[in-house]
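In: With the input below, show me the fold.
(3 chains)
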Amino acid sequence: MLDPAVLMEYMPAFWDGFIVTAKVSILSIIGSFVIGLLIALLRISENKICRIVALCYVDIFRNIPFLVLIFFAYYGLPEIGIYIDAFWTGCFTLSVAVAAYVAETIRAGIQNIDKGIIEAAKSFGFSRVHIYTKIILPLALTSSIRPLGSVFINLILTTSILSAITLGELTSASKIIASTTFRPFEVYMFLVIFYCVLTFALSALIAGWHKYLNRYNGA
Amino acid sequence: MIEIHNLHKNFGDLKVLKGVDLNIKPGEVVSILGGSGSGKSTLIRCINGLEDITSGSIFVDNFDVKNKKDIMEIRKRCSTVFQQFDLYPHLSVLDNITLAPINVLKQNKKDAEIKAIELLKSVELEDKASVYPAQLSGGQKQRIGICRALAMKPNYLLLDEVTSSLDPEMTVEVLEILKKLAKQGITMISVTHEIGFAREISDRIVFLDEGKILKNLSKDEFFSDDGGKSDPRIAKFLSKMGNQ
Amino acid sequence: MYGDEGFTIFDLQLWAEGLGISFGIFLASSVFGLLLGSIIGLIRYYKVIGIGSLLMLGSEFLKNSPVLVQLFLVYFGVPALLTIDLSPMEAAIITLTGNTAAFIAVIVISSIDAIDKKQLEAARSFALSEWQILRLIIYPQSLAFAMPMFVSLAINQLQVTSLISVIGVVDLTRVGDIINQRTFEPFIVWPIIGVTYFILAKLVERIGTRLEQRFSVHQIRSEI
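Out: Reported below is the predicted structural model:
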């Protein structure tokens, strides 16, 4: 019989897992954004080698399963003398992998900018740095809030895979609860609903933020 | 002083400018006329280095457009008003005007804003300082475009088909402002279709045809029957534009 | 590959088997998912009372939660609740089919919505039956519209199959894990596994682009 009440006493354990998920997510969102922005800039650089390197980066990390990447990092990093725990391995790998998606999203945002606006800025004698920081990036990033939001929501869902390298995040915690209570259906159903509510709430927030930051487009 | 000597510009195999010689003195108002494809927009874009020139030379106040370092100096001296306005959509009207003065001319924010408000008053748009470009009509956008250019206190104002995207009513409001500016003695180089306007404000008319200057005459000479109009191509152009 | 003494010829065989399992499950769940998802999409489109919205709500849940948790739910949760037995392979196919179907349903609906409604009115005015409209007008056009989305979904779902290793299916990733645990050569094992997935993805992409072109050509012809 379905008995959700059994989960109540395990809420603290569940909450601890959630905190780990939240921490990994936030750090990885920051990390992937920084790396992704860099890759996006390389991707549209005038230097051919930079463009090729960025293209390879994007292609590789968008076509190899995250689970393979995380195993490679988890078992491989110590081999080359980098000893970091599951938490930091997770943050590192998520940042590197998701950066490929971030880069493509930002690049699309940059390429959608009206060329005339960039030319106008050039004609006023702005330096390259100013054209990027005052015109191109503000425009590209504000118009990319919603697609970037989807990328980051996907990142949050992907953190569940870190349970495979024994990081005690939400999914890991639930696994333990499921095996102690012998109520796997209730536990995982609750977890599915929890992730859904979380992503719906975040999507709504992002949509609102997108609308606010793009208010300059409205009449 | 803008000195253009034997300017050639190719786009791939297409030769757009084929040896243009033109000097523009401070205080002059020069209109560049010509059919579409005559190269007139390209000419104005070469002056501040938006297009690389293929051969020949352009000097603006003795700064060389072929020299990367000089280009920045040239751009400070030449401000452009664009056909499609090309305002920065994410910035308020006020920030659109002050962005270059603050970041390029290193003016302090307060001074730049005071100056911007003055300019907005002169085009009767001071109440629009805090709105975004998307909320403005085409004519209003172009008036802001003019303010944005003037805020740089340019030695030369380059006007690239500034009324081509506007309906007749809005064209009038923009032209009125430019007429006022012409009277104030600002050097202007204007690429335009508006022959009536060219006639009203210009000291000199340059007629471009297939990448070459066909005529470079004072306004009165250009519009006289034994001057510009004696050339069949110019006569045809003028009659096609509905202006005798 | 077996120059190192840790590796044996059997590793190559294991690799081939894993590759077969991964690709087989990918194909099975894609085909089943495509069918199921299209049916859900059509039920929704024709507004079959009640179920349409309910199925879409289900789709949203599948799209917005981690596939790994869905796998746990199906493999550990459902058998416990219903007291049935489910092999890892069965659980894997069920979960991935459901997950793929959820995405397909959403693509199907948006592709049908992309068709100009006036065309359908015109078709009705020529007394075409709803079935004929679906087959002759909606299907070819929405397929051409949906194809690029199907292709990127397929590439994504191929990577998602790697998760089934976690519930014990011996797929390509699990094979990598097994060999890695034994030889402890992560710098040889995982790049090989990664490159295998990469090549598979490129293959799927190539085939998808080919199909995409074929269907868009078909659409242009049918319009003439």
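In: The helix or strand hosting residue A:178 close to chain C?
Out: Assigned by DSSP states H and E, residue A:178 belongs to helix A:170-181. Yes - interface with chain C: helix A:170-181 contributes A:171, A:174, A:175, A:178 (C-beta under 8 Å from any C-beta of the partner chain). Where you see a C-beta, it was placed from the backbone N, CA and C, and this is true even at glycine.
In: Any buried residues in the longest helix anywhere in chain A, and which?
Out: Looking only at chain A and at elements set by DSSP state H, the helix with the highest residue count is helix A:11-43. Across helix A:11-43, burial judged by 16 or more other C-beta atoms under 10 Å in any protein chain shown covers A:14, A:17-18, A:20-21, A:24-25, A:27-29, A:31-33, A:35-43.
In: same thing with stretch B:94-110?
Out: B:94, B:95, B:96, B:97, B:98, B:99, B:100, B:101, B:102, B:103, B:104, B:107.
In: same question, stretch B:168-187
Out: For stretch B:168-187, a neighbour-count test (16+ other C-beta under 10 Å) marks B:170, B:171, B:173, B:174, B:175, B:177, B:178, B:181, B:182, B:186, B:187 as buried.
In: that older thread, please compute how far the following helix or strand past the longest helix of chain A lies from its chain's middle.
Out: Next along the chain after helix A:11-43, taking DSSP H and E as the criterion, comes helix A:48-63. The chain centroid and the centroid of helix A:48-63 are separated by 18 Å, computed with C-alpha atoms, centre = their mean, to the nearest Å.
In: Which strands or helices does helix A:48-63 pack on?
Out: In this structure, helix A:48-63 packs against helix A:11-43, helix A:86-111, helix C:139-160, helix C:186-223, with contacts taken as 3 or more C-beta pairs under 8 Å, 6 or more residues apart in numbering or on different chains; DSSP states H and E.
In: So the helix or strand just after the shortest one, near chain A or not?
Out: By that I understand helix C:139-160. Note on helix C:139-160: by DSSP H and E, the next helix or strand toward the C-terminus is helix C:172-183. Yes - applying C-beta under 8 Å from any C-beta, one finds helix C:172-183 in contact with chain A at C:173, C:176, C:177, C:180.
In: highest average neighbour count across the helices and strands packed on helix A:48-63?
Out: helix A:86-111 (a mean of 22; mean count of other C-beta atoms under 10 Å in any protein chain shown).
In: need the next SSE after it, C-terminal direction.
Out: Next along the chain from helix A:86-111, counting by DSSP H and E, comes helix A:115-123.
In: Tell me if that following helix is near chain B.
Out: Yes - if you take C-beta under 8 Å from any C-beta as the test, helix A:115-123 does meet chain B, through A:116, A:117, A:119, A:120, A:121, A:122, A:123.
In: For residue B:193, state which of these is nearest.
Out: When the residues of helix A:115-123 next to chain B are compared for distance to residue B:193 (C-beta to C-beta), residue A:116 wins out at 18.7 Å.
In: Just want the most central residue of chain B.
Out: residue B:159 (1.6 Å; C-alpha atoms, centre = their mean).
In: Quick check: that one touching residue B:193?
Out: No - between residue B:159 and residue B:193 there is no contact, the gap being 11.7 Å when judged by C-beta atoms under 8 Å.
In: Many thanks, have a good one.
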